[in-house]
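*Asks:* missing the sequence, but the structure's below:
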């Protein structure tokens with residue numbers, strides 16, 4: 001993964017596979033908790049899956065303030081860009 005579009009596509013794949021959320025619902029503006037009906041357990045599950053797929057050490061605290069899909073994309077981008 002090199003860019004934000006690839007990260008977004010990865011998130012769409014994860015959300016479809018793990019949470020049965022249709023890819024067209026996973027937009028950068030989509031709010032995790034309000035629009036996608038995420039809860040804290042879902043967020044942790046997603047972080048674990050992202051860690052497996054990126055090979056990077058993702059910590060829940062890195063995503064503590066994530067409210068939208070774009071927030072998650074940016075957090076992952078920063079981690080893989082380090």
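*Replies:* Arrived safely, thanks for sending. What you are looking at is a predicted structure, and each value in this text was computed from that prediction instead of being measured.

*Asks:* any idea whether the closest residue to residue 15 other than its chain neighbours is helix, strand or coil?
*Replies:* Nearest residue to residue 15, sequence neighbours excluded (Cβ to Cβ, 6 or more residues apart in numbering): residue 21, at 4.1 Å. Where C-beta positions appear, they are placed from N, C-alpha and C, glycine not excepted. Classification of residue 21 using DSSP: H, G, I helix; E, B strand; the rest coil returns coil.

*Asks:* the chain: helices as residue ranges?
*Replies:* Ranges of helices within the chain are 4-19, 40-54, 69-81, based on DSSP state H.

*Asks:* now these in CSV, with mean neighbour count and distance to residue 63?
*Replies:* Converted to CSV, these look like this (neighbours: other Cβ atoms under 10 Å; distance: least, Cβ to Cβ, whole Å):
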stretch, mean neighbour count, distance to residue 63
helix 4-19, 16, 12
helix 40-54, 15, 6
helix 69-81, 18, 6
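
*Asks:* what's the closest of those helices to residue 31?
*Replies:* Nearest to residue 31, of all the helices of the chain, is helix 69-81, at 8.2 Å by Cβ to Cβ.

*Asks:* and that closest one, what other elements does it pack with?
*Replies:* Applying 3 or more Cβ pairs under 8 Å, 6 or more residues apart in numbering; DSSP states H and E, one finds that helix 69-81 contacts helix 4-19, helix 40-54.

*Asks:* can you put those helices in TSV and add mean pLDDT and distance to residue 64?
*Replies:* Shown next, in TSV, are those (pLDDT from 0 to 100; distance: least, Cβ to Cβ, whole Å):
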stretch	mean pLDDT	distance to residue 64
helix 4-19	94	17
helix 40-54	88	9
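
*Asks:* just put the ones you listed in JSON lines and tack on distance to residue 74.
*Replies:* Formatted as JSON lines, the helices and strands packed on helix 69-81 follow (distance: least, Cβ to Cβ, whole Å):
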{"stretch": "helix 4-19", "distance to residue 74": "8"}
{"stretch": "helix 40-54", "distance to residue 74": "13"}
